[in-house]
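> give me a model of this one.
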Amino acid sequence: MKRITGLLCAMSLAGVTHAEGLPWGKSMAAGHDLPLPFGLGVDFFDMDQDYRLQSLQFDLPGVPAIPPDLVSVKNEIEHRDLKFDAWLLPFLNVFALYGQVDARTDVDLTGVPAAALGLPPLGVVPVRYDGNVYGAGLTLVYGSDRWFTSLTGTWTRSKLDGDFDSTVRSQSWQPRLGLIRGAWSAWIGGQYISVEENHTGVIQLIPALPPIPFSVRLQEDDAWNEIVGVRYEVNEHLDFTAEFGGGSRHTTLVNGTWRFGSSD
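Residues are numbered from 1 along each chain as shown. Below you'll find the model as predicted:
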């Protein structure tokens, strides 16, 4: 984590040195207060959701491919990152993030008719992994001193260690509509998250047989869910955000951000 902190602090110093005067186009927001141009924040994000099995392959002679609709998959993620952002324009914020992820994906094979395949009953294959995650994104904002609408897009990739050779890529979009009342902001919106998760390795699927190679490809079961959120601005330098998602996917996001730079 020290490496992450140093990296993002260096990015923030570089931004202050080479991008004085941000955001550009301040005349477009004449009469409105603008946030300080740079931010360094910490994100704490938890998520649990169902996955859809795209493919599952075992190197087991005589055993056909398992139909995806017979397998249920659940995923739990704990994500922590540091994020550096900058307002390039009054309506455009861009950011980069680097952090750590811990996750567990359970591939439940108990619904597979193992007897018909000449196999003993199958159980749950737990896939655990952790590693570093990095990404970038942007936020578009429009509104007034009393209300706002925004759209945030984020793209991430992960470098993982765990039980298997694992890769995870994701992209997300969050449209929001909110009200501003003094230091408080509150909003409702939606959350689109597209995930591509791949695992390959060797597993002890059947106790009486030696470990066998396997490969599994997973994707989110339902891309959209609803969100609600609230933000409190302590002062022009410090703010805190909490956002919660429900429906088919449950998410919790807590963020604290320190803003800096010149507002002139």
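
> in the stretch 51-200 of the chain, where is pLDDT below threshold?
Within the stretch 51-200 of the chain, the stretches falling below the threshold (pLDDT under 70) are 60-64, 117.

> show residues contacting stretch 157-169.
Residues outside stretch 157-169 that contact it (CB atoms under 8 Å, 6 or more residues apart in numbering) are 101, 103, 126-135, 156, 195-201, 203. The C-beta positions use only the backbone N, C-alpha and C, and glycine is treated the same way.

> just those: which are in strands?
Applying DSSP state E to the contacts of stretch 157-169, the entries found in strands are 101, 103, 126-135, 156, 195-201, 203.

> what's the PyMOL line that selects buried ones from those residues?
With 16 or more other CB atoms under 10 Å as the criterion, this PyMOL line picks the buried residues out of these:
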select buried, resi 101+103+127+129+130+131+132+133+134+135+156+195+197+198+199+203
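
> show me where the stretch 1-150 of the chain has helices.
For the stretch 1-150 of the chain, applying DSSP state H, counting those that start in this stretch gives helices covering 2-18.

> what about the strands in it?
38-58, 72-89, 92-108, 124-143, 147-162 (DSSP state E, counting those that start in this stretch).

> would JSON lines of those strands with distance to S263 be doable?
Output for those, formatted as JSON lines (distance: least, CB to CB, whole Å):
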{"stretch": "strand 38-58", "distance to S263": "11"}
{"stretch": "strand 72-89", "distance to S263": "10"}
{"stretch": "strand 92-108", "distance to S263": "15"}
{"stretch": "strand 124-143", "distance to S263": "17"}
{"stretch": "strand 147-162", "distance to S263": "19"}
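
> can you tell which of those strands is closest to T241?
strand 38-58 (8.7 Å; CB to CB).

> buried sites along the closest one?
In terms of neighbour count (16+ other CB under 10 Å), strand 38-58 has its buried residues at 38-41, 43, 45, 47, 49, 51, 53, 56, 58.

> give me the helices and strands touching it, please.
helix 2-18, strand 72-89, strand 92-108, strand 212-220, strand 249-260 (3 or more CB pairs under 8 Å, 6 or more residues apart in numbering; DSSP states H and E).

> which other helices and strands contact the fourth one?
When contacts are defined as 3+ CB pairs under 8 Å, 6+ apart, strand 212-220 packs onto strand 38-58, strand 184-203.

> looking at the strands of the stretch 1-150 of the chain, which is nearest to T257?
Taking the strands of the stretch 1-150 of the chain one by one with CB to CB, strand 38-58 is closest: 3.5 Å.

> returning to what we had before: among the strands of the stretch 1-150 of the chain, which comes closest to T252?
strand 38-58 (4.7 Å).

> got the contact list for stretch 197-211?
Applying CB under 8 Å, 6+ apart, the contact partners of stretch 197-211 are 51, 58, 60, 75, 105, 119-120, 122, 125, 127, 129, 163-168, 212-219.
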